[in-house]
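**Q** sequence plus predicted model, see below.
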Amino acid sequence: MMKKISIIIPLYNAENYISKCLDSIKNQTYKNFEIIVINDKSKDNSWGILNDYVSEHLNLNFIIINNEINLGLSKTRNKGIDLATGGYIIFMDNDDTLADALSLQYFIDQTDNDPDIILGKTRFLLNDVPKESNYHRLKNKKGTYTDNEILDGFFSGEWAVTAWNKLYKTAFLKNNNLKFLDDLLHEDELWAFETAIAAKKINFLQEETYVYYSMSNPNSMTATVGLKNIEHYLIILTKKLEMSTEKGLYCRSRFTENYLKNFANYTILRNVCKMDFGTFKSFYVKIEKEFDKSFPQKGLFRLHPVLAYYLYRMKFDKDFFLYGKFPKYVNPLLKI
């Protein structure tokens with residue numbers, strides 16, 4: 001019996017991309033799938049284009065939903081999980097595509113040993129030009145990881161923290177009550193962590209299965225939005241610290257502590273040190289309190305905030321006149 005895949009696509013303002021995305025699914029040689037597209041109150045003609053596409057392709061198994069209000073990516077994906085009837089789930093972004101006609105078949109071929117998650121290789125395009133992306137490149141050392149090998153690989157950055165281009169066993173998600181946290185920016189960051197610590201077995205593909213399209217726009221983020229992003233990263237850090245203690249991750253992987261420290265340093269403090277001192281101090285003190293709950297004996301993030309502010313600027317702020325100076329003193333003080 002062919003295994004059914006539920007493909008979940010949140011749709012928002014993608015009138016120029018959604019048909020191409022759906023075409024890449026239509027052209028798959030593996031045909032046992034349903035396409036769940038949830039329009040999250042698009043402001044353009046995405047909903048109209050989707051309806052036309054469905055009408056023109058009655059041979060495809062579509063479930064289309066039009067949200068009455070904008071729910072955001074997390075709630076929309078969660079609605080898709082609830083609607084899914086397949087034994088497996090894959091998420092797609094509405095402006096991406098599957099890599100070729102065999103993508104779904106590659107995933108299904110790796111389900112025989114009953115993994116919780118299967119990860120495919122990603123083709124990365126920047127402004128429609130193929131580029132090498134070390135972040136999106138799989139760095140696994142073998143084809144299957146189990147139990148604590150999964151934690152070691154994830155904490156070592158062997159795969160990207162994305163929800164897409166991964167085939168999830170539906171029972172795995174539902175048995176572990178895995179859902180995206182509502183109203184959270186950078187929701188994939190927490191989702192990837194939660195799925196990795198819950199998984200018992202994951203497989204890696206050798207084939208490209210997904211095309212990720214990225215557009216460079218250095219002016220897309222204002223200072224206010226940047227601050228909101230960092231606030232949400234702090235929420236994610238707090239959740240990760242709590243779950244690491246609850247799930248005993250410090251005993252399961254020797255990389256846990258360093259992973260959490262790196263997230264605080266390179267995702268939060270590296271960015272917030274480029275803002276005013278008051279903002280930096282607020283985040284630094286909160287991070288210190290959170291780490292004290294898990295590592296009270298380590299004395300992490302306990303520098304005086306003024307000293308910490310200037311040390312982080314020396315480490316990360318290219319506009320600071322002392323940037324890059326005295327690394328043999330700065331790095332040990334920051335414990336980086």
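**A** On my side now, so go ahead.

**Q** pLDDT weak spots in the stretch 51-200 of the chain?
**A** The stretch 51-200 of the chain contains no residues with pLDDT under 70.

**Q** can you give me the helices for it?
**A** Here the stretch 51-200 of the chain has its helices, by DSSP state H, counting those that start in this stretch, at 73-83, 103-109, 148-155, 170-175, 187-198.

**Q** ok, which of those comes nearest V54?
**A** When the helices of the stretch 51-200 of the chain are compared by Cβ to Cβ, helix 73-83 sits nearest V54, at 15.3 Å. Using the backbone N, CA and C atoms, a C-beta is placed for each residue, glycine as well.

**Q** what helices or strands is that closest one leaning on?
**A** Counting by 3 or more Cβ pairs under 8 Å, 6 or more residues apart in numbering; DSSP states H and E, the packing neighbours recorded for helix 73-83 are strand 5-11, strand 33-39, strand 62-66, strand 88-91, helix 170-175, helix 187-198.

**Q** could I get those as JSON lines with distance to R302?
**A** Below are the helices and strands packed on helix 73-83 laid out as JSON lines (distance: least, Cβ to Cβ, whole Å):
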{"stretch": "strand 5-11", "distance to R302": "41"}
{"stretch": "strand 33-39", "distance to R302": "46"}
{"stretch": "strand 62-66", "distance to R302": "49"}
{"stretch": "strand 88-91", "distance to R302": "40"}
{"stretch": "helix 170-175", "distance to R302": "39"}
{"stretch": "helix 187-198", "distance to R302": "25"}
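
**Q** redo these as JSON lines? Include distance to K131 and mean neighbour count.
**A** JSON lines is the format used below for the helices and strands packed on helix 73-83 (distance: least, Cβ to Cβ, whole Å; neighbours: other Cβ atoms under 10 Å):
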{"stretch": "strand 5-11", "distance to K131": "24", "mean neighbour count": "25"}
{"stretch": "strand 33-39", "distance to K131": "28", "mean neighbour count": "23"}
{"stretch": "strand 62-66", "distance to K131": "33", "mean neighbour count": "15"}
{"stretch": "strand 88-91", "distance to K131": "22", "mean neighbour count": "25"}
{"stretch": "helix 170-175", "distance to K131": "31", "mean neighbour count": "16"}
{"stretch": "helix 187-198", "distance to K131": "20", "mean neighbour count": "20"}
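
**Q** for these, which one sits closest to I336?
**A** helix 187-198 (20.2 Å).

**Q** which of the residues in the next helix or strand after the closest one are buried?
**A** For helix 187-198, the following helix or strand on the C-terminal side (DSSP states H and E) is strand 201-214. For strand 201-214, burial by neighbour count (16 or more other Cβ atoms under 10 Å) applies to 201-205, 208-213.

**Q** nearest to T144 among those residues?
**A** For the buried residues of strand 201-214, the nearest to T144 is N203 (5.3 Å; Cβ to Cβ).

**Q** what's the local residue count around the residue lying closest to N27 once chain neighbours are set aside?
**A** Spatially, and ignoring its direct neighbours in sequence, N27 is nearest to A101 (5.0 Å; Cβ to Cβ, 6 or more residues apart in numbering). Look at A101: counted by other Cβ atoms under 10 Å, it has 13 neighbours.
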